[in-house]
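Student: Predicted model and sequence below, questions to follow.
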Amino acid sequence: MRIMPPLRLVMLALLSISLFSCNEKEEFLSAPVSDYLPLTAKKFIIYRLDSTVFTNFGRSTEIHKYQVKHVIDTLITDNLGRPSYRVYRYMSDSSGTQTWQPAGSYFITALSDQLELVEDNLRFIKLHLPLRNGFSWKGNSFLPADPYGPLYSFSNDDSMEDWDYYYDGEPGSFSYQGENYNDVLTVEQVDESFNVPITTPTAYAAKSRSVERYAKGIGLVYREYEMWEYQPNPGGAGGPYKTGFGITMWMVDHN
């Protein structure tokens, strides 16, 4: 058996310590996730929301427009015994002139290295340390198989647990629909499509697109979440159809 000379052992140990220290320093220098999703009771953000729905048995496409207010309520304990914030959602018309109507709630749990969101018993890891360009993580790793199966008969969600979330670029400015945001962190989640735009009605098509943008000191300021499938349905009654959904929302006000 060959014995490693003591000097080489020492150098190897020093190298290991150096690499470990560098990794620790990288984590330490990362901004905390709370910088980009601050959790404070009574904080609210108002969004304009365009919702794409497929009506008439999937043969028609409509875009419904709303304003949505998200209000952080209070600190509670989630079903895993962890401190979490409950967030209430309210909806109004696209101009925000109608009375706000309750529209459900969800939970946000801030851990030492990641931030989780739970809605309708689906758990997502929205942000993860370090907040560094290119860093990737499995943001849907807690999702069950076919999470949208009870609502939509498509195959887009068959491998959602394998989506690789990652930070795309350094925080910077972002504009959408006349709204300007600064210090924005972009989280790419998925960008997959097949036969889109649909140029041949007799061919299958599908699209999965998800991206979120967070502004420092504010929270989520933009979200695009689109998952749908097109079936040519040759010989079937009614012809081609789509199933799925699409959401585009952007912040218009906050406190």
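Tutor: It's in.
Student: Now residue 191: closest residue in space, sequence neighbours ignored.
Tutor: Leaving aside its chain neighbours, residue 191 sits nearest to residue 209 (5.5 Å; criterion: CB to CB, 6 or more residues apart in numbering). Where you see a C-beta, it was placed from the backbone N, CA and C, and this is true even at glycine.
Student: Other residues contacting the helix or strand harbouring the one you found?
Tutor: Element membership of residue 209 [criterion: DSSP states H and E] is strand 205-215. Residues from elsewhere that reach strand 205-215 (CB atoms under 8 Å, 6 or more residues apart in numbering): 36-37, 126-127, 154-156, 163, 174, 181-196, 198, 220-230, 251.
Student: ok, residue 89 - how many residues close by?
Tutor: Neighbourhood size, residue 89 [other CB atoms under 10 Å]: 17.
Student: and residue 34, helix, strand or coil?
Tutor: Put simply, residue 34 is helix when judged by DSSP: H, G, I helix; E, B strand; the rest coil.
Student: pLDDT below threshold where in the stretch 51-200 of the chain?
Tutor: Along the stretch 51-200 of the chain, no part satisfies pLDDT under 70.
Student: how about the residue nearest to residue 154 when sequence neighbours are not counted, what does it touch?
Tutor: Excluding its sequence neighbours, the residue lying closest to residue 154 (CB to CB, 6+ apart) is residue 229, at 3.7 Å. For residue 229, the contact set (CB under 8 Å, 6+ apart) comprises 154-156, 204-206, 242-244.
Student: Buried only: go through those residues for me.
Tutor: Neighbour counting over the contacts of residue 229 (16 or more other CB atoms under 10 Å) leaves 154, 156, 205-206, 242-244 as the buried ones.
Student: export the residues you listed to a markdown table and tack on secondary structure and distance to residue 32?
Tutor: Shown next, in a markdown table, are these (DSSP: H, G, I helix; E, B strand; the rest coil; distance: CB to CB, whole Å):
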| residue | secondary structure | distance to residue 32 |
| --- | --- | --- |
| 154 | coil | 37 |
| 156 | coil | 33 |
| 205 | strand | 41 |
| 206 | strand | 37 |
| 242 | strand | 41 |
| 243 | strand | 40 |
| 244 | strand | 35 |
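Student: and which of these is nearest residue 138?
Tutor: Relative to residue 138, the closest of the buried ones among the contacts of residue 229 is residue 156; by CB to CB it sits at 17.2 Å.
Student: which residues touch the closest residue to that closest one other than its chain neighbours?
Tutor: Ranked by CB to CB, 6+ apart and with sequence neighbours excluded, the top spatial neighbour of residue 156 is residue 227, at 4.4 Å. Residues counted as contacts of residue 227 (CB under 8 Å, 6+ apart) are 148, 152, 154, 156-157, 207-210, 244-246.
Student: again, only this time at 10 Å
Tutor: Residue 227 makes contact with 148, 152, 154, 156-157, 160, 190, 192, 206-210, 243-247 under the criterion CB atoms under 10 Å, 6 or more residues apart in numbering.
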